[in-house]
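Visitor: Structure for the following, please:
(2 chains)
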Amino acid sequence: MGQMGFFTDTTLCIGCKACEVACKQWNQLPSDGYTFTGYSYDNTVALSATTWRHVAFIEHSRPADGTGKSVNWLMMSDVCKHCTHPGCMEACPTGAIIRNEFGDVYVQPDICNGCGYCVPSCPFGVVGRNRDTGLAAKCTLCYDRQKDGIEPACAKACPTDSIVFGDLDELKERARKRVNTLHERGETAAYLYGVDEDTTVGDLNAFFLLMDRPSVYNLPENPKLPQNNLVPGFVASLIAASFLTLTTAFSLWRRGK
Amino acid sequence: MSNTYGNRPERLGGTATVVRPDATAGRGEERPGEASTYYGMPLIKKATWSWEIMLYFFLGGLAGGSFLVSTLADLRGSVKDAALVRAGRFIALICMIISPILLIKDLGRPGRFHHMFRILKLRSAMSLGTWAITVFGICCGLTTAHQLAKDGLLNRFPPLARFMKAFPVKVIEVIGSVFGLVVASYTGVLLSATAVPVWARARHILGPLFLSSGLSTALASLSLLLSLGRSKQDTLERLDSAEIITMATELGLISTLPRVLGPLAKPLFKGRVGVLFMAGTMGSGLLVPLFTRLGWKLTRKPMPRALNIVASLMVLVGGILLRYTWIVAGRGSADDPQATHYYNALERKRGS
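Guide: Next up, the predicted model:
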């Protein structure tokens, strides 16, 4: 079986948040409380241990370019990226975070002991630790639904098929064709985020079609796999340890008066 | 008007770029340093760690340093260092008894702490550290049991006392010292192996810095303890030398931070955290004790006991503040989306 993933085409998103609702309902996630943030229509703000789909809204004014349009309204349904090289999975000391048979990154809730190391290790700021259960949690790509042969709740609920679920290679082909179509229509800002990447995180099983810089959507522009810092850190520590052992031995072992 | 990173300030609806119909710069790679933010919201998530982890970082370093000093003193076999060896072993063991309690308490599910032992993952600093603490803790236990047997404190259990006295303790000491040095330094590497910009950028410095702090606080503790007893002046003077060199190393490492971190250093050097780090760790934790000890060494007179105690306590407080300020600075750094963009762009340019 090939790897399964998401293609989120933000040009089709209408900002209805059906994906947020479906995800909350299917996974029985609690409410995060009522806040009016004033950030356009986004009152969810970020992914967390109890929010596994988050729709971002960005409004910004267009220059007077004769099209008569005054505002660009970008909407994007954010989700765990299910990276090829996930920072969370490499950080996990209990082996709770695994890549399942569908190729998706999954936190096993019966193994996680809530150390919280995965939380600062995600370059996209996805996984969080649930204050009530003490466990790390994030999008499972509806592992339970996939095992029964049906698509994830958010993909099912999306009325415009902005979120499409399927075999990763097929999705990427579909996405590339969509980008070409948009370019032919004059929408040359369109590009794929998470496909054919040369970052240390690799390609994303949940990838996106975006219309502006990644940072506009609160995505990192050049995500880096944090665990690549391990070897430099330990080498530096080894040098320091050798030096300090020698100097301390020298201080302690020299003859007294 | 731009901020520290050269980015434009927020405008209506977030700091989005103006999209022109003919824009081909979708990825924005041609404009490094000009990344936008999403309403200034954090891009990554900060660590959930609190006082338990700060205290553990301090105690782990102290244990590793203490065990190393005790081992070095024991390997040379001088009789006059017996008190130093004994004190070092006890300090290390007590710290290694308290440390797992703190770590387990910090877990979201403390009852599942043993899940850490399901695997050894070489790419996880926390997995490496878990096993290092375990091996080091066992070595601490064995050496201290040998010490107790030698001191006649295990005479109630003759077979155990005989066994521990005959134990090849020097082998355990050397193995334990290696793992102790790992325990003292891996916590810094653990912080660097995350996405938090101020921690990740300092990846060559944090491990060595926490290690040297562990050693300097250990030397200060031993100096403090031994000066309370009937210890030989000679031992104290040799501890002094070691402490001076270690503190100088620590200060040297800290001095590289402004250049290495650049604008990422803001959460460490500004505000309340900045005051604690500069005045508490650098100033009263290192500079003052270093020059005090150096000054007294040059007079060739023994340091008064009271002054030794005060100087040692200043180093210990400085060590605690070092761990505190770095963890709090990590929170501020994680909350700053522009720091993430700056760090990623910097790493990209360096070819990571």
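
Visitor: Can you tell me the SS state at residue A:200?
Guide: Following DSSP: H, G, I helix; E, B strand; the rest coil, the label given to residue A:200 is coil.

Visitor: hang on, it packs against residue A:226?
Guide: No: with contacts counted by C-beta atoms under 8 Å, residue A:200 stays clear of residue A:226, the gap being 9.1 Å. Every C-beta, even on glycine, is put in place using the N, C-alpha and C of the backbone.

Visitor: Please work out which residue of the stretch 1-150 of chain A is closest to chain B.
Guide: Taking C-beta to the nearest C-beta as the measure, the stretch 1-150 of chain A has residue A:114 as its residue closest to chain B, at 1.8 Å.

Visitor: which regions of the chain sit below the pLDDT cut-off?
Guide: Defaulting to chain A. Low-confidence regions of chain A, defined by pLDDT under 70, span residues A:1, A:255-257.

Visitor: my bad, the chain I had in mind was chain B
Guide: Per-residue confidence for chain B (pLDDT under 70) gives these ranges: B:1-33, B:77, B:231, B:352.

Visitor: for it, what's the longest helix?
Guide: Longest helix in chain B by number of residues (criterion: DSSP state H): helix B:305-334.

Visitor: C-alpha coordinates for the helix or strand just after it, PDB please?
Guide: Remark: after helix B:305-334, the chain's next helix or strand is helix B:337-349, criterion DSSP states H and E. The C-alpha trace of helix B:337-349 is given here as PDB (Å, rounded to 0.1, in the frame of the first residue of the first chain):
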ATOM      1  CA  PRO B 337       7.700  34.000  15.100                       C
ATOM      2  CA  GLN B 338      10.300  36.400  13.600                       C
ATOM      3  CA  ALA B 339      13.000  34.600  15.600                       C
ATOM      4  CA  THR B 340      12.000  31.300  14.000                       C
ATOM      5  CA  HIS B 341      12.100  32.800  10.500                       C
ATOM      6  CA  TYR B 342      15.400  34.500  11.200                       C
ATOM      7  CA  TYR B 343      16.900  31.200  12.600                       C
ATOM      8  CA  ASN B 344      15.600  29.200   9.600                       C
ATOM      9  CA  ALA B 345      16.900  31.700   7.100                       C
ATOM     10  CA  LEU B 346      20.300  31.700   8.800                       C
ATOM     11  CA  GLU B 347      20.600  28.000   8.800                       C
ATOM     12  CA  ARG B 348      19.500  27.800   5.200                       C
ATOM     13  CA  LYS B 349      22.300  30.200   4.200                       C
END
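
Visitor: Just the buried residues of helix B:337-349, please?
Guide: Within helix B:337-349, the residues that qualify as buried by neighbour count (16 or more other C-beta atoms under 10 Å in any protein chain shown) are B:337, B:338, B:339, B:340, B:341, B:342, B:343, B:344, B:345, B:346, B:347, B:348.

Visitor: Go back to the residues you listed and keep what's next to chain A.
Guide: Applying C-beta under 8 Å from any C-beta of the partner chain, the subset of those adjacent to chain A comprises B:337, B:340, B:341, B:343, B:344, B:345, B:347, B:348.

Visitor: from those, which is closest to residue B:315?
Guide: Closest to residue B:315 out of those is residue B:343 (31.6 Å), distances taken as C-beta to C-beta.
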